[in-house]
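Q: need a 3D model of the following:
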Amino acid sequence: MSAQSPAAPRKTPLEAPTADSRPASKPELTEDLKSKYEALLGRVKGFSEVTCAKEKRKSGPLTDRERSWLTRECLLRYLRATKWSVDESAKRLLSTLAWRREYGLDDFTAEYISPEQETGKQIIAGFDRHGRPCQYLNPGRQNTDASPRQIHHLFYMVERVTDMMPPGVETLSLLINFKPSKQRQNTSVPVSTAREVLHILQNHYPERLGKALIINVPWLVSGFFKMVQPFIDPVTRQKLKFNEDMKQYVPPEQLWSADWGGDMDFEYDHDVYWSALHDMCQKSREQRAGRWAAAGKEVGESEEYLAGGTALKASGVSLRYEAAKGVCKMGEEEEGAAMTRALTCCRSLARRTAAVLRITTHLACLGQDSDPFGHSAHARRRAGLKRQKPSDGGDSSSAMATVPGNENDSPVAALRQQVTSHNSHQASFAEGEEAESWVI
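A: Presented below is the predicted three-dimensional model:
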């Protein structure tokens, strides 16, 4: 009997973290910090123009893409980076908007960056134990001479990392392997390049680093880190890990086996990887843009909502609730079909979370044998819904879903009563279950 051939190496990015990964906990905002956030949000809502001092021709009105970038979490990142100074945060946000235009960040194409990526000197693959995407830097695979495009490549990939962040995640894990290769013995980064990269990271990507895992550090780089360590913020210093067992930070099945000690057998094939990465990121961007537009194109929107982790917008209102409430203004004869269409359209807007499952099931089961979300009998029971049994001799297919306490009403009338009784802050759930707050 011949031995079983080993599985072929992976050549594409992983799409999701492990099931047991959990986003890092975030401290609750105090009343004082909430007021500072609200003050900054008010300032940002007043942004109408982006002024580019270096390239004045790029100045102009704020675009939808830029407005969608100004999320709730983005504003909080800048507040934390400025020690909660509203004035400084507003100034830095405008500076970053101008930098993104002048740098041309949103104009970099896959074709333009491709020559820098051919050897896989940067790879996005896997997620750490907190669900952060892992971005590998491999200086030993350097294949081009120093140029602006090398730095463009780095920040182009950082943008792709943000595309791949799961709900509740807003930081990345940076994994740097300084191991030399036959093609590249000197893996140290020029001081001028390092200075420019650090400047951009500090000023335009604040609070984005979750962990920096570094192995095979050459003496020159090691000496540099020791020299600057006293000047590094203590919080940032805790994020730097040198030559440790990296499996304590990244699950083995999501950690690259090459030099890192993981179980993920990954082989870089540029033609396969590059197109797969961009297809994945393009899909993510389109979904987020669709959710942002559907929610009203608001500045300060929730990144968790945009990533599909919740149906609640930053305002604390469920988009599904708004869609269903709107159709209640229609006539009785068209309401059922319209409500079903509205909810079906909302299906892709967010993950079916427990917090909104109880509400959407009330709205979706419009007397149909199956609802547009495909909720199971178990889901309906959790929502407190009951199926009316057909009268003797009746057709079982005519069984209708009703809301508890309204079994003698028509399904549409009962649903209208449920929708109109909800407000933007809380919802009534099945008896015995605790109501959940809708306010973020």
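Q: use CA for all of it now, contacts and neighbours both
A: Fine.
Q: shaky segments in the stretch 151-300 of the chain?
A: Along the stretch 151-300 of the chain, the model assigns pLDDT under 70 to residues 183-189, 220-221, 224, 228, 231.
Q: quick one: the strands in it?
A: For the stretch 151-300 of the chain, the strands defined by DSSP state E, counting those that start in this stretch cover 172-177, 209-215, 240-242.
Q: can you give the contact residues for the shortest one?
A: Under the contact criterion C-alpha atoms under 8 Å, 6 or more residues apart in numbering, strand 240-242 has outside partners 211, 212, 213, 214, 215, 217.
Q: that older thread, need the strands of the stretch 151-300 of the chain in CSV (columns: mean neighbour count and distance to residue 105).
A: Output for the strands of the stretch 151-300 of the chain, formatted as CSV (neighbours: other C-alpha atoms under 10 Å; distance: least, C-alpha to C-alpha, whole Å):
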stretch, mean neighbour count, distance to residue 105
strand 172-177, 23, 19
strand 209-215, 20, 19
strand 240-242, 15, 27
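Q: and of these, who's closest to residue 28?
A: For those, proximity to residue 28 was assessed by C-alpha to C-alpha; strand 209-215 is nearest, at 18.5 Å.
Q: tell me what that closest one is packed against?
A: Packed against strand 209-215, as judged by 3 or more C-alpha pairs under 8 Å, 6 or more residues apart in numbering; DSSP states H and E, are the following elements: strand 172-177, helix 234-239, strand 240-242.
Q: now these in JSON lines, with distance to residue 197?
A: Formatted as JSON lines, the entries for the helices and strands packed on strand 209-215 read as follows, by distance: least, C-alpha to C-alpha, whole Å:
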{"stretch": "strand 172-177", "distance to residue 197": "14"}
{"stretch": "helix 234-239", "distance to residue 197": "16"}
{"stretch": "strand 240-242", "distance to residue 197": "17"}
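Q: looking at the ones you listed, which is closest to residue 302?
A: With C-alpha to C-alpha, the closest approach to residue 302 among the helices and strands packed on strand 209-215 belongs to strand 172-177: 18.2 Å.
Q: please name the strands paired to the closest one in the sheet, noting orientation.
A: Strands flanking strand 172-177 in the sheet, each with its direction: strand 133-137 (parallel), strand 209-215 (parallel) (DSSP bridges).
Q: what about the shortest one, average pLDDT?
A: Read it as strand 133-137. For strand 133-137, mean pLDDT rounds to 98.
Q: so what's residue 144 up against?
A: 116, 150.
Q: recalculate using a threshold of 10 Å.
A: When contacts are counted by C-alpha atoms under 10 Å, 6 or more residues apart in numbering, residue 144 is found next to 115, 116, 117, 118, 119, 150.
Q: what do you get for residue 162?
A: Counted by C-alpha under 10 Å, 6+ apart, residue 162 has contacts 132, 133, 169, 170, 171, 172, 208, 281, 284, 285.
Q: excluding chain neighbours, what is closest to the second one?
A: Closest residue in space to residue 133, ignoring its immediate chain neighbours: residue 127 at 4.4 Å, by C-alpha to C-alpha, 6 or more residues apart in numbering.
Q: report the separation between that neighbour and residue 247.
A: Here residue 127 is placed at a distance of 12 Å from residue 247 (C-alpha to C-alpha, to the nearest Å).
Q: go on, residue 259?
A: Residue 259 sits 12 Å away from residue 247 when distances are taken as C-alpha to C-alpha.
Q: those two - which one has more neighbours?
A: Neighbours per residue (other C-alpha atoms under 10 Å) separate residue 259 from residue 247, with residue 247 holding more: 17 against 11.
Q: the more buried one against residue 253, yeah?
A: Yes - applying C-alpha atoms under 10 Å as the test, residue 247 and residue 253 come out as touching, 9.3 Å apart.
Q: which residues are common contacts for these two?
A: Shared contacts of residue 247 and residue 253 (C-alpha under 10 Å, 6+ apart): 262, 263.
Q: out of the helices and strands packed on strand 209-215, which is closest to residue 158?
A: Checked against C-alpha to C-alpha, the stretch from the helices and strands packed on strand 209-215 lying closest is strand 172-177, at 8.7 Å.
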